[in-house]
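**Student:** compute the structure for the input listed below.
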Amino acid sequence: MDIVRMSQPISQPQGQGQRLAGKVCIVTGAAMGLGKADAIVMAREGATVILTDVDAAQGEATAAEIGERALFVHHDVRDEQAWIDLVARIMAQFGRLDVLVNNAGVLKRAHIEEATLEDWRFVQSINVEGTFLGIKHCIPAMRASGGGSIINVSSTAAQQGFPNGAAYTASKGAVLALTRSVAIHCLNQGDRIRCNAILPHVAESPMVHASLEQSFAGIPAEQRPKVAMGSPFAVANAVLFLASDESSDLNGTTLNLDRGTACIVGQMPES
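**Tutor:** Model prediction:
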(Lines give C-alpha, C1' and ligand atoms only; values in the text may rest on other atoms or scores of the structure.)
Protein backbone atom coordinates (compact mmCIF):
# COMPACT_ATOMS: atom_id res chain seq x y z
CA MET A 1 0.00 0.00 0.00
CA ASP A 2 1.46 3.33 -1.10
CA ILE A 3 0.86 6.09 1.44
CA VAL A 4 1.03 9.79 0.65
CA ARG A 5 1.34 11.83 3.84
CA MET A 6 -0.66 15.02 3.54
CA SER A 7 0.30 16.81 6.76
CA GLN A 8 3.37 17.09 8.97
CA PRO A 9 5.58 14.02 9.35
CA ILE A 10 4.49 11.26 11.71
CA SER A 11 6.72 12.15 14.61
CA GLN A 12 6.37 13.12 18.23
CA PRO A 13 6.35 16.83 19.02
CA GLN A 14 9.45 18.20 20.68
CA GLY A 15 9.69 20.50 23.66
CA GLN A 16 7.21 21.12 26.43
CA GLY A 17 4.70 23.93 26.91
CA GLN A 18 2.14 24.90 29.50
CA ARG A 19 -1.09 25.25 27.51
CA LEU A 20 -2.75 22.57 29.68
CA ALA A 21 -0.82 23.17 32.90
CA GLY A 22 -2.71 21.83 35.91
CA LYS A 23 -5.42 20.12 33.89
CA VAL A 24 -6.41 16.49 34.39
CA CYS A 25 -7.49 14.76 31.19
CA ILE A 26 -8.96 11.43 30.14
CA VAL A 27 -8.20 10.01 26.68
CA THR A 28 -10.03 6.81 25.77
CA GLY A 29 -8.58 4.38 23.26
CA ALA A 30 -5.17 5.84 24.04
CA ALA A 31 -2.97 2.76 23.73
CA MET A 32 -2.11 3.53 20.10
CA GLY A 33 -3.10 5.57 17.05
CA LEU A 34 -4.88 8.90 17.44
CA GLY A 35 -5.45 8.44 21.17
CA LYS A 36 -1.76 7.87 21.79
CA ALA A 37 -0.88 11.03 19.85
CA ASP A 38 -3.49 12.98 21.86
CA ALA A 39 -2.03 11.77 25.14
CA ILE A 40 1.55 12.59 24.10
CA VAL A 41 0.68 16.13 23.03
CA MET A 42 -1.46 16.87 26.08
CA ALA A 43 1.17 15.62 28.51
CA ARG A 44 3.84 17.66 26.72
CA GLU A 45 1.68 20.73 27.35
CA GLY A 46 1.53 20.20 31.10
CA ALA A 47 -1.56 18.01 31.56
CA THR A 48 -1.88 14.93 33.71
CA VAL A 49 -3.28 12.38 31.27
CA ILE A 50 -5.23 9.26 32.15
CA LEU A 51 -4.95 6.86 29.23
CA THR A 52 -7.64 4.21 29.00
CA ASP A 53 -7.91 1.21 26.69
CA VAL A 54 -8.75 -2.50 26.63
CA ASP A 55 -5.21 -3.24 25.37
CA ALA A 56 -3.41 -3.28 28.71
CA ALA A 57 0.05 -4.21 27.41
CA GLN A 58 0.17 -1.48 24.79
CA GLY A 59 -1.53 1.01 27.11
CA GLU A 60 1.07 0.48 29.84
CA ALA A 61 3.85 0.82 27.26
CA THR A 62 2.42 4.09 25.96
CA ALA A 63 2.07 5.51 29.48
CA ALA A 64 5.66 4.52 30.25
CA GLU A 65 6.81 6.18 27.04
CA ILE A 66 5.08 9.43 28.00
CA GLY A 67 6.43 9.42 31.54
CA GLU A 68 5.32 10.75 34.90
CA ARG A 69 2.42 12.80 33.55
CA ALA A 70 0.66 9.68 32.26
CA LEU A 71 -1.37 7.02 34.04
CA PHE A 72 -2.85 3.99 32.27
CA VAL A 73 -6.13 2.45 33.41
CA HIS A 74 -7.55 -0.69 31.84
CA HIS A 75 -11.04 0.35 30.82
CA ASP A 76 -13.83 -0.84 28.54
CA VAL A 77 -15.89 2.19 27.48
CA ARG A 78 -18.99 -0.01 27.10
CA ASP A 79 -19.01 -0.80 30.84
CA GLU A 80 -20.94 1.77 32.86
CA GLN A 81 -19.54 0.65 36.20
CA ALA A 82 -16.04 0.98 34.77
CA TRP A 83 -16.79 4.63 33.99
CA ILE A 84 -18.12 5.22 37.51
CA ASP A 85 -15.02 3.63 39.02
CA LEU A 86 -12.66 5.52 36.70
CA VAL A 87 -14.11 8.94 37.53
CA ALA A 88 -14.17 8.15 41.25
CA ARG A 89 -10.51 7.12 41.13
CA ILE A 90 -9.49 10.28 39.28
CA MET A 91 -11.33 12.55 41.71
CA ALA A 92 -9.86 10.73 44.70
CA GLN A 93 -6.32 10.76 43.31
CA PHE A 94 -6.17 14.13 41.54
CA GLY A 95 -9.12 16.08 42.97
CA ARG A 96 -10.37 17.32 39.60
CA LEU A 97 -11.27 16.46 36.01
CA ASP A 98 -10.92 19.03 33.24
CA VAL A 99 -10.92 17.27 29.86
CA LEU A 100 -12.53 14.18 28.36
CA VAL A 101 -11.45 12.99 24.92
CA ASN A 102 -13.87 10.35 23.64
CA ASN A 103 -11.48 8.78 21.16
CA ALA A 104 -12.14 5.04 21.51
CA GLY A 105 -13.74 3.67 18.37
CA VAL A 106 -14.00 0.72 16.02
CA LEU A 107 -14.68 0.27 12.32
CA LYS A 108 -16.41 -2.67 10.68
CA ARG A 109 -16.22 -2.54 6.90
CA ALA A 110 -19.61 -3.61 5.52
CA HIS A 111 -22.26 -1.91 3.41
CA ILE A 112 -25.87 -1.85 4.57
CA GLU A 113 -26.78 -5.17 2.97
CA GLU A 114 -23.69 -6.95 4.28
CA ALA A 115 -23.73 -5.61 7.82
CA THR A 116 -25.07 -7.98 10.44
CA LEU A 117 -27.08 -6.91 13.45
CA GLU A 118 -24.20 -8.15 15.59
CA ASP A 119 -21.77 -5.90 13.71
CA TRP A 120 -24.13 -2.96 14.04
CA ARG A 121 -24.58 -3.37 17.78
CA PHE A 122 -20.86 -3.89 18.39
CA VAL A 123 -19.92 -0.65 16.60
CA GLN A 124 -22.69 1.37 18.28
CA SER A 125 -21.79 -0.02 21.72
CA ILE A 126 -18.27 1.42 21.52
CA ASN A 127 -18.59 4.46 19.28
CA VAL A 128 -21.92 5.76 20.57
CA GLU A 129 -22.69 4.16 23.93
CA GLY A 130 -19.09 4.51 25.10
CA THR A 131 -19.20 8.21 24.26
CA PHE A 132 -22.59 8.61 25.98
CA LEU A 133 -21.39 6.91 29.16
CA GLY A 134 -18.19 8.93 29.31
CA ILE A 135 -20.03 12.23 29.00
CA LYS A 136 -22.74 11.23 31.45
CA HIS A 137 -20.34 10.28 34.21
CA CYS A 138 -17.69 12.95 33.62
CA ILE A 139 -20.02 15.97 33.65
CA PRO A 140 -20.56 15.92 37.46
CA ALA A 141 -16.80 15.70 38.06
CA MET A 142 -16.14 18.56 35.63
CA ARG A 143 -18.89 20.62 37.26
CA ALA A 144 -17.25 20.08 40.66
CA SER A 145 -13.92 21.16 39.11
CA GLY A 146 -15.36 24.46 37.88
CA GLY A 147 -15.83 23.50 34.22
CA GLY A 148 -14.20 21.52 31.48
CA SER A 149 -13.94 20.49 27.86
CA ILE A 150 -15.48 17.40 26.28
CA ILE A 151 -13.99 16.47 22.90
CA ASN A 152 -15.76 13.83 20.83
CA VAL A 153 -13.95 12.18 17.95
CA SER A 154 -16.35 11.79 15.04
CA SER A 155 -15.29 11.39 11.39
CA THR A 156 -15.68 13.03 7.99
CA ALA A 157 -17.43 9.78 7.06
CA ALA A 158 -20.43 11.05 9.02
CA GLN A 159 -20.85 13.91 6.56
CA GLN A 160 -19.43 12.60 3.29
CA GLY A 161 -20.91 9.13 3.06
CA PHE A 162 -18.88 5.96 3.36
CA PRO A 163 -20.76 3.13 1.58
CA ASN A 164 -18.67 0.32 3.05
CA GLY A 165 -19.11 1.47 6.63
CA ALA A 166 -22.84 1.63 7.33
CA ALA A 167 -22.58 1.06 11.07
CA TYR A 168 -19.50 3.27 11.40
CA THR A 169 -20.96 6.28 9.58
CA ALA A 170 -24.19 6.02 11.54
CA SER A 171 -22.28 5.89 14.81
CA LYS A 172 -20.17 8.92 13.96
CA GLY A 173 -23.26 10.83 12.88
CA ALA A 174 -24.81 10.03 16.25
CA VAL A 175 -21.70 11.38 17.98
CA LEU A 176 -22.15 14.70 16.15
CA ALA A 177 -25.79 14.99 17.19
CA LEU A 178 -24.94 14.06 20.78
CA THR A 179 -22.21 16.70 20.83
CA ARG A 180 -24.69 19.47 20.07
CA SER A 181 -27.19 18.18 22.61
CA VAL A 182 -24.60 18.02 25.38
CA ALA A 183 -23.21 21.47 24.53
CA ILE A 184 -26.61 23.10 24.93
CA HIS A 185 -27.43 21.11 28.06
CA CYS A 186 -24.22 22.25 29.79
CA LEU A 187 -24.75 25.82 28.60
CA ASN A 188 -28.27 25.84 30.03
CA GLN A 189 -26.97 24.45 33.32
CA GLY A 190 -24.32 27.18 33.57
CA ASP A 191 -21.67 24.51 34.07
CA ARG A 192 -18.85 26.15 32.08
CA ILE A 193 -18.45 22.79 30.36
CA ARG A 194 -17.93 22.88 26.59
CA CYS A 195 -18.59 20.00 24.22
CA ASN A 196 -17.15 19.97 20.71
CA ALA A 197 -16.33 17.40 18.04
CA ILE A 198 -13.46 16.84 15.67
CA LEU A 199 -13.86 15.15 12.30
CA PRO A 200 -10.61 13.54 11.16
CA HIS A 201 -10.35 12.38 7.57
CA VAL A 202 -7.89 9.53 6.90
CA ALA A 203 -5.22 9.78 9.58
CA GLU A 204 -2.51 7.17 9.99
CA SER A 205 -3.48 4.66 12.67
CA PRO A 206 -3.65 0.88 13.15
CA MET A 207 -7.43 0.94 12.63
CA VAL A 208 -7.09 2.75 9.30
CA HIS A 209 -4.30 0.46 8.12
CA ALA A 210 -6.35 -2.63 8.98
CA SER A 211 -9.36 -1.23 7.15
CA LEU A 212 -7.35 -0.44 4.04
CA GLU A 213 -5.69 -3.84 4.04
CA GLN A 214 -9.13 -5.42 4.12
CA SER A 215 -10.32 -3.16 1.34
CA PHE A 216 -7.33 -3.92 -0.91
CA ALA A 217 -7.18 -7.65 -0.16
CA GLY A 218 -6.44 -9.58 -3.33
CA ILE A 219 -5.11 -6.56 -5.21
CA PRO A 220 -1.40 -6.77 -6.07
CA ALA A 221 0.70 -4.16 -4.27
CA GLU A 222 1.73 -2.44 -7.51
CA GLN A 223 -1.92 -2.00 -8.49
CA ARG A 224 -3.17 -0.56 -5.24
CA PRO A 225 -4.11 3.12 -5.30
CA LYS A 226 -2.16 5.69 -3.36
CA VAL A 227 -3.79 6.64 -0.08
CA ALA A 228 -3.45 10.18 1.28
CA MET A 229 -3.08 10.03 5.06
CA GLY A 230 -2.76 12.76 7.63
CA SER A 231 -0.61 12.72 10.73
CA PRO A 232 -2.15 11.66 14.03
CA PHE A 233 -0.32 14.61 15.55
CA ALA A 234 -2.24 17.00 13.29
CA VAL A 235 -5.40 15.60 14.87
CA ALA A 236 -3.84 15.78 18.33
CA ASN A 237 -3.08 19.48 17.84
CA ALA A 238 -6.78 20.09 17.19
CA VAL A 239 -7.61 18.16 20.36
CA LEU A 240 -5.05 20.26 22.24
CA PHE A 241 -6.69 23.48 21.04
CA LEU A 242 -10.15 22.34 22.15
CA ALA A 243 -8.79 21.14 25.49
CA SER A 244 -7.08 24.46 26.18
CA ASP A 245 -8.60 27.72 27.37
CA GLU A 246 -7.73 29.19 23.96
CA SER A 247 -10.95 27.68 22.60
CA SER A 248 -13.17 29.00 25.39
CA ASP A 249 -15.73 30.45 22.94
CA LEU A 250 -16.15 27.19 21.01
CA ASN A 251 -19.11 25.09 22.13
CA GLY A 252 -21.27 22.68 20.16
CA THR A 253 -19.13 23.05 17.07
CA THR A 254 -17.08 20.75 14.86
CA LEU A 255 -13.54 21.03 13.58
CA ASN A 256 -13.44 19.43 10.15
CA LEU A 257 -9.94 18.03 9.63
CA ASP A 258 -10.48 16.92 6.05
CA ARG A 259 -7.63 18.85 4.38
CA GLY A 260 -10.12 20.43 1.99
CA THR A 261 -11.68 17.27 0.59
CA ALA A 262 -15.20 18.54 1.30
CA CYS A 263 -14.51 21.40 -1.14
CA ILE A 264 -13.58 19.10 -4.01
CA VAL A 265 -16.24 18.45 -6.62
CA GLY A 266 -15.98 16.49 -9.84
CA GLN A 267 -15.85 18.24 -13.16
CA MET A 268 -19.16 18.67 -14.86
CA PRO A 269 -19.52 16.36 -17.86
CA GLU A 270 -19.19 17.99 -21.24
CA SER A 271 -22.48 18.51 -23.05
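
**Student:** switch to C-alpha atoms for all contacts and neighbour counts from now on
**Tutor:** Noted.

**Student:** what is the mean pLDDT for the helix or strand where residue 35 lies?
**Tutor:** Counting by DSSP states H and E, the element that carries residue 35 is helix 33-44. The pLDDT scores in helix 33-44 average 97.

**Student:** for stretch 234-253, give the mean pLDDT please.
**Tutor:** 97.

**Student:** actually, stretch 198-205.
**Tutor:** Here stretch 198-205 scores 73 as its mean pLDDT.

**Student:** re the thing from before, elements contacting the helix holding residue 35?
**Tutor:** Where contact means 3 or more CA pairs under 8 Å, 6 or more residues apart in numbering; DSSP states H and E, helix 33-44 is packed against strand 24-28, strand 48-53, helix 56-66, helix 232-243.

**Student:** which stretch among those comes nearest residue 261?
**Tutor:** Proximity to residue 261 (CA to CA) singles out helix 232-243 among the helices and strands packed on helix 33-44, at 15.7 Å.

**Student:** quick revisit: distance to residue 88 and mean neighbour count added to the helices and strands packed on helix 33-44, as a markdown table?
**Tutor:** Shown next, in a markdown table, are the helices and strands packed on helix 33-44 (distance: least, CA to CA, whole Å; neighbours: other CA atoms under 10 Å):
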| stretch | distance to residue 88 | mean neighbour count |
| --- | --- | --- |
| strand 24-28 | 13 | 27 |
| strand 48-53 | 13 | 25 |
| helix 56-66 | 20 | 17 |
| helix 232-243 | 21 | 22 |
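
**Student:** list the buried residues of stretch 179-188.
**Tutor:** Residues 179-180, 182-184, 186 are the ones in stretch 179-188 that count as buried (16 or more other CA atoms under 10 Å).

**Student:** stretch 97-113 now?
**Tutor:** Within stretch 97-113, the residues that count as buried by 16+ other CA under 10 Å are 97-110.

**Student:** what does stretch 111-129 give?
**Tutor:** Quick answer for stretch 111-129 (16+ other CA under 10 Å): 115, 119-120, 122-129.

**Student:** tell me the one of those nearest residue 161?
**Tutor:** Distances from residue 161 to those, taken by CA to CA, are shortest for residue 115, at 15.7 Å.

**Student:** how near is that closest one to residue 24?
**Tutor:** Per CA to CA, to the nearest Å, residue 115 is found 39 Å from residue 24.
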